[in-house]
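S.K.: Just to be clear, the model below is a prediction. Sequence and coordinates:
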Protein chains: 2
Amino acid sequence: MTASLDIVFAALADPTRRAILAMLLEDDMAVTDVAEPFKMSLAGISKHLAVLSEAGLVSRERRGRVIWCKLEPDALKAASVWMQGFGQFEAIDLDDFERFLATELSDPETVEPPQV
Amino acid sequence: MTASLDIVFAALADPTRRAILAMLLEDDMAVTDVAEPFKMSLAGISKHLAVLSEAGLVSRERRGRVIWCKLEPDALKAASVWMQGFGQFEAIDLDDFERFLATELSDPETVEPPQV
DNA sequence: CCCATATTCAACCATCCGGTTGACGATCAG
DNA sequence: CTGATCGTCAACCGGATGGTTGAATATGGG
């Protein structure tokens, strides 16, 4: 069920979608709640979620009226392995990551992101 | 000079461009030589190299008539850090990487790739 | 049953993307 | 100088992408 690198990288190439992934890192969310912090229409967010789902990065499960979105980090593994082959980057530094998230989210370029 | 994650991920989302990066992992190459294994026109490859260059993943240096293309693995670091924040993937396994390269390159979907 | 809520679908639009071809600018070889 | 080689530029094309709005499809609540 592993989506191709094409699709995974393409999914990651959009700041709105990366922001969504970062939100889902915190917790599972309903579509409406995912959409709330963005200026974009709900349908727009729904389409982004479809792209993320297509890439295997997010799964969606209907529970009653609400569809719950869940991060699927394993879908990143193939892409991660591919990238690690270049450069031999040092071991993961979670602080680096936090800093990065913060940077991207507070960046003016960024598309109305939720503050983590 | 670090290109945005948008641009880096977008650059990685194309199999031709990933194949080029894999080739440059071996050694620096002239544009014509990069283009040689592909069915695509030289101009097409030139455009791909421009995208990779824009993303900071490849640098180009003119020496005489020939422009030498060089892999710049550091440009992947930001993207790598971002990805590592999800999932906590285990330490880099170079064998995994080799296998992956081979898989992608031998995949029918792939765009006439050079065998590594 | 009826209505409100949650989400997607469908059509549409502007823009970007990957590819082509043909002309052009540089540089080396004779 | 002339000609071949290396590479990019410009214009063009079809198809994908990111967004919109408005209608349609669940589902749950009174």
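M.R.: Yep, it's here. Numbering: from 1, shown residues only, chains lettered A, B, ... in the order given.
S.K.: Go ahead and flag the most central residue of chain A.
M.R.: With distances taken as Cα atoms, centre = their mean, A:Leu21 lies nearest the centre of chain A, 2.2 Å away.
S.K.: so what secondary structure elements neighbour the host helix or strand of it?
M.R.: Secondary structure here is read from DSSP states H and E; on that basis A:Leu21 sits in helix A:15-26. Helices and strands touching helix A:15-26, as assessed by 3 or more Cβ pairs under 8 Å, 6 or more residues apart in numbering or on different chains; DSSP states H and E, comprise helix A:31-35, helix A:42-54, strand A:58-63, strand A:66-71, helix A:94-106, helix B:5-12. From N, CA and C alone the C-beta is placed, and that goes for glycine too.
S.K.: can you list contacts of the fourth one?
M.R.: Okay, so that is strand A:66-71. Contact with strand A:66-71 is made by A:21, A:24-25, A:28-32, A:34, A:49, A:57-62, B:86, as judged by Cβ atoms under 8 Å, 6 or more residues apart in numbering or on different chains.
S.K.: change it to 7 Å
M.R.: Contact with strand A:66-71 is made by A:21, A:24-25, A:28-31, A:34, A:49, A:58-61, B:86, as judged by Cβ atoms under 7 Å, 6 or more residues apart in numbering or on different chains.
S.K.: May I see those organised as a markdown table, with pLDDT and distance to DNA strand D added?
M.R.: What follows is these, written out as a markdown table (pLDDT from 0 to 100; distance: Cβ to the nearest atom of the strand, whole Å):
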| residue | pLDDT | distance to DNA strand D |
| --- | --- | --- |
| A:Leu21 | 97 | 14 |
| A:Leu24 | 96 | 17 |
| A:Leu25 | 93 | 20 |
| A:Asp28 | 97 | 17 |
| A:Met29 | 98 | 18 |
| A:Ala30 | 98 | 12 |
| A:Val31 | 98 | 12 |
| A:Val34 | 98 | 13 |
| A:Leu49 | 98 | 11 |
| A:Val58 | 98 | 14 |
| A:Ser59 | 98 | 17 |
| A:Arg60 | 97 | 13 |
| A:Glu61 | 97 | 12 |
| B:Phe86 | 80 | 19 |
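S.K.: Neighbour-wise, give me the winner out of the residues you listed.
M.R.: With neighbours defined as other Cβ atoms under 10 Å in any protein chain shown, the most crowded of those is A:Val58; it has 25 neighbours.
S.K.: so what's that one closest to, chain neighbours aside?
M.R.: Closest residue to A:Val58 apart from its sequence neighbours, by Cβ to Cβ, 6 or more residues apart in numbering or on different chains: A:Leu52 at 4.1 Å.
S.K.: what sits against the one you found?
M.R.: Applying Cβ under 7 Å, 6+ apart, we find A:Leu52 in contact with A:Ala11, A:Arg17, A:Ile20, A:Val58.
S.K.: count of residues packed around A:Val81?
M.R.: Counted with other Cβ under 10 Å, the burial measure for A:Val81 works out to 20 neighbours.
S.K.: Show the pLDDT at it.
M.R.: The confidence metric pLDDT takes the value 86 at A:Val81.
S.K.: just the one 10 residues further on next, same as before
M.R.: Among the per-residue scores, A:Ala91 shows a pLDDT of 52.
S.K.: pLDDT below threshold where in chain A?
M.R.: Chain A contains residues with pLDDT under 70 at A:1, A:87-116.
S.K.: circling back: distance of the residue nearest to A:Val58 relative to A:Ala22?
M.R.: Counting by Cβ to Cβ, to the nearest Å, the gap from A:Leu52 to A:Ala22 is 12 Å.
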